[in-house]
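Q: show me the folded form of this:
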Amino acid sequence: MKFNPYTNVQYNAGIALYPLLTMLFLLALHYYSGALDWPAEGDVRAQRDFNSAIGMSILTGYFWIALRVLHQNVASSLISLLVKTNQLSRFSVHRNRLSNEFKHHLFNAAVIAILLTVIYCVLEELLTVTQELHVFILTAAAVPFWFFTWLFLFQITSNTRYIINNVLPDSNNTKDYLASLMVLIKLGLTNAIFSMGAIALIPIFWFRKDVPSIDIFILALFSGSFALYLFWPVVKLIAKVRNEKARVLTTLDEKINKAISAYRHKNTDTEYESVELLENEKESIATLSTRVMDVRDWSRIFSCLSAIPFSWSLIMLLEWLVASPFS
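A: Numbering: from 1, shown residues only. Purely as a prediction, here's the structure:
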């Protein structure tokens, strides 16, 4: 069977079906193994296992869903760009190239996932002694967790980079080029906003645990670096659109002035048509808005960033409710 994740299908419940079933299966496995037994007060090891069982299961499903949404967004954007450049017939070629790159990422993510799990087992000395069933299952569940985490990180920027390097250069004219850049900005912005949701799930790992200052610093550094990693390509594309539009308009103004000067000297229909064509091209470029982010985009970014402190607040509220004498 030919494996190809980049298909332009409609969004429906099916896109999340297998990831959600996998997440529920992992949670059920942890429950029956005992990892989800309510930890006693002060039992640090049991609390860590409890948090890890929930956190890894949810993030495994989340990253899988994110990957499927990412692939649909890439396929949709790729079709849109190829239509603008009258090269829709090359969609299968680009899709196959992206699929081959995806297969390489699958292999790399699998190697890293297994390697990280083995390193963890060695550091925690889990290979030298007989472990409880729930610890064994937690260790095994770490493999799909790291696999989808790294696969997502590989995929989140490689697709946009591929389109910039292999599709954008085929744009027929300046207007199509600028319009294509805007499509890429929307793609990058959507992926970045969706990706930041994973940061909001991280507080699960600190439920009913003291959060050392060093952990706060590392988490803040990681979150900031991750946000920069996701949004920086979008910022560069926005700057590229504005600079390219300004450059093109300046060039057109110079051409129009020269054409007008030539028309005054020769006063021929050819020179008049030249001025008219340049004026129409300028008007067409000028109508392209450089305000590529509208109110809806800003509200989505605000909601995404607000989810991070909200999730920490929710965890603290749950801790308070659990510790409350009325519970």
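Q: from Ala66, how far out is the most centrally placed residue in the chain?
A: Geometric centre of the chain, nearest residue: Asn191, 3.4 Å, by Cα atoms, centre = their mean. Distance of Asn191 to Ala66, given as Cβ to Cβ, to the nearest Å: 8 Å. C-beta: built from backbone N, CA, C; applies to glycine.
Q: Ile15 contacts Leu67, correct?
A: No - the pair Ile15 / Leu67 is not scored as a contact, 10.1 Å apart, by Cβ atoms under 8 Å.
Q: point out where the stretch 151-300 of the chain drops to low pLDDT.
A: Residue ranges of the stretch 151-300 of the chain with pLDDT under 70: 169-172, 267, 269, 288-293.
Q: output the longest helix belonging to the protein.
A: helix 213-266 (DSSP state H).
Q: what about Met316, distance to Phe207?
A: For Met316, the distance to Phe207 - Cβ to Cβ - is 10 Å.
Q: comparing the two, which residue is more hemmed in?
A: Phe207 (18 against 13; other Cβ atoms under 10 Å).
Q: was I right to think that one contacts Trp320?
A: No - between Phe207 and Trp320 there is no contact, the gap being 11.9 Å when judged by Cβ under 8 Å.
Q: wait, Ala200 touches Ser313, no?
A: No - at 11.0 Å, Ala200 does not count as touching Ser313 under the criterion of Cβ under 8 Å.
Q: so if I had to pick from those two, which one is more boxed in?
A: Counting neighbours by other Cβ under 10 Å for Ala200 and for Ser313 shows that Ala200 has the greater number, 20 against 11.
Q: wait, what's in contact with the more buried one?
A: 307-308, 310-311 (Cβ atoms under 8 Å, 6 or more residues apart in numbering).
Q: top of these by neighbour count?
A: Compared across those, Ile308 has the highest neighbour count, 19 neighbours, by other Cβ under 10 Å.
Q: what about that residue, distance to Ser52?
A: Distance from Ile308 to Ser52, by Cβ to Cβ: 20 Å.
Q: do Arg68 as well
A: 24 Å.
Q: and for Leu17?
A: From Leu17 to Ser52 the distance is 25 Å (Cβ to Cβ).
Q: between those two, who's got more neighbours?
A: Remark: of Leu17 and Ser52, Ser52 carries more neighbours, 19 against 12, as counted by other Cβ under 10 Å.
Q: which SSE is the more buried one in?
A: Using DSSP states H and E, Ser52 falls within helix 44-84.
Q: elements contacting that helix?
A: helix 14-33, helix 91-123, helix 133-166, helix 174-201 (3 or more Cβ pairs under 8 Å, 6 or more residues apart in numbering; DSSP states H and E).
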